[in-house]
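> Sequence and predicted structure, then a few things I'm wondering about:
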Amino acid sequence: MSKSKVLVVGGTGYIGNRIVKASLAAGHPTYILMRRELGYEIEKVQMLLAFKNKGAHLIEGSFFDHQSLVDAVKLVDVVISAMSGVQFRSHNILLQLKLVDAIKEAGNVKRFLPSEFGMDPSRMEHVFECGKETFSDKMVIRKAIEDAKIPYTYISANCLAGYFVGNLSQLGTLVPPKDRVNIYGDGNRKVVYMDEDDVASYTIKTVDDPRMLNKTLYCRPNKNILSHNELIKKWEKLSNKTLEKVYISDKDFLASMKDVDYGFQAALARIYYIYYDGCLMNFEIGEKGEEASELYPEVQYTRMDEYLQRYL
């Protein structure tokens, strides 16, 4: 059976560039939307040209030219949106909705994967007002997809390791702390950590898989379900160094959110949901979803002690 043609929107982004690589590696004819608005963003242009040299097709288009999006979509079988999370804020939600409109008009797409790659927004109805719009916006996009009867797969990747593992989930840094580490609550809530390349591999696996039609893929392989304490112990073992541990109660953490700007409050709120509420592991997947490592056991996913070795 021939491989589906895949269009990646946001192919120069943090997750998007990995999805492009995974698509090419899996042998899919891979197309990347090259936005006319790139202007002088030279690093993105150079990345696109490097992908072109590896066999990707660059398709010029613009979110401000509906027909260009329709024309791009008509070239492929599957569309994957990997636009940055900032694209969901304020009026930029319209960009995703414009893509949905183009897919609906083109009428040929057999699978659409919208830009999520984090917590499942359908399970985040209880969240604080700060940052709530991110989850609400994603649900607006889901509703538009389903109302348009566009075949879909949603990807719930949970905690991307570059943001949550290398820094042991400390705020204000992306590298491990030297001497002391803050632990949220008692540090025993279970969290799911994922290597970004593995998320891309699992994502590409779904595009031709009838088992994932109109379902959510949850990336939560058993070996990567760890408490905060367990993650820190892995780093201490690798680095041969014991960190001073500061336990932060939920009351103190909530109090710390009051004196920061709205954007940082939203980031803190996510830490709260993950480490105090345990929102990543407090539900069963159910019949509308599948777990990635069980569905695709052939993917040799990265364990977090392996991931942490790059920081030594």
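Right, received. Where do you want to start?

> Setting aside sequence neighbours, what's the nearest residue to residue 69?
The shortest distance from residue 69 to any non-neighbouring residue, by CB to CB, 6 or more residues apart in numbering, is to residue 102 (3.6 Å). For the C-beta atoms, the positions are set from N, CA and C on the backbone; glycine is no exception.

> helix/strand/coil for residue 298?
At residue 298 the chain is in coil, as set by DSSP: H, G, I helix; E, B strand; the rest coil.

> avg pLDDT for stretch 119-126?
The average of the pLDDT scores along stretch 119-126 is 86.

> cool, and stretch 39-55?
Stretch 39-55 carries an average pLDDT of 94.

> Go through that stretch and flag the buried ones.
Within stretch 39-55, the residues that count as buried by 16 or more other CB atoms under 10 Å are 44, 47-48, 51.

> ok, so what distance separates the residue nearest to the spatial centre of the chain from residue 238?
Centroid-nearest residue in the chain: residue 117, 2.2 Å away (criterion: CA atoms, centre = their mean). Going from residue 117 to residue 238 by CB to CB, to the nearest Å gives 27 Å.

> wait, which of the buried residues of stretch 39-55 is closest to residue 17?
residue 47 (6.4 Å; CB to CB).

> show me what contacts that closest one?
Under the criterion of CB atoms under 8 Å, 6 or more residues apart in numbering, the neighbours of residue 47 are 12, 17.

> cool, and residue 22?
Contacts for residue 22 (CB under 8 Å, 6+ apart) come out as 197, 200-201, 203-204.

> ditto for residue 72
7, 31, 33, 59, 61, 102.

> of these, the lowest pLDDT goes to which?
Lowest in pLDDT among those is residue 61, which has 94.

> what about that residue, neighbour count?
Neighbouring residues of residue 61 were enumerated by other CB atoms under 10 Å; the total is 23.

> Would you confirm that it belongs to a strand?
Yes - assigned with three-state DSSP, residue 61 falls within a strand.

> Just to be sure, residue 3 is in a helix?
No - per three-state DSSP, residue 3 lies outside any helix segment and is coil.

> Is the spatially closest residue to it that is not a sequence neighbour part of a helix or strand, or is it coil?
Excluding the flanking residues, the one nearest residue 3 by CB to CB, 6+ apart is residue 28, at 4.6 Å. What three-state DSSP gives for residue 28 is coil.

> surely residue 28 meets residue 203?
No - using CB atoms under 8 Å, residue 28 is not in contact with residue 203; the gap is 11.4 Å.

> neighbour count winner among the two?
Each of residue 28 and residue 203 has its neighbours counted (other CB under 10 Å); residue 203 has more, 26 against 23.

> how about the more buried one, what does it touch?
Counted by CB under 8 Å, 6+ apart, residue 203 has contacts 19, 22, 80, 113, 155, 217.

> After the helix or strand hosting it, heading C-terminal, what element do we hit next?
Using DSSP states H and E, residue 203 maps to helix 196-206. Counting by DSSP H and E, the next helix or strand C-terminal to helix 196-206 is strand 215-218.

> Show me the contact partners of that next one.
120, 122, 153-156, 158, 202-203, 206, 285, 288-292, 295.

> Weed out the non-buried ones from the residues you listed.
Neighbour-count burial within the contacts of strand 215-218 applies to 120, 153-156, 158, 202-203, 206, 285, 289-290, 292, 295; the criterion is 16+ other CB under 10 Å.

> from the contacts of residue 72, which is closest to residue 145?
residue 102 (12.3 Å).

> Let me see the contact set for the closest one.
Contacts here follow CB under 8 Å, 6+ apart; on that basis residue 102 touches 66, 69-70, 72-73.

> Please report how far residue 8 lies from residue 220.
Distance check for residue 8 against residue 220: by CB to CB, it reads 24 Å.

> the more surrounded of the two?
It is residue 8, of residue 8 and residue 220, that has more neighbours when counted by other CB under 10 Å, with 31 against 23.

> Distance of the more buried one relative to residue 251?
44 Å.

> again with residue 134
Relative to residue 251, residue 134 is positioned 25 Å away (CB to CB).

> OK, contacts around residue 275?
Residues counted as contacts of residue 275 (CB under 8 Å, 6+ apart) are 169, 184-185, 187, 189, 191, 228.
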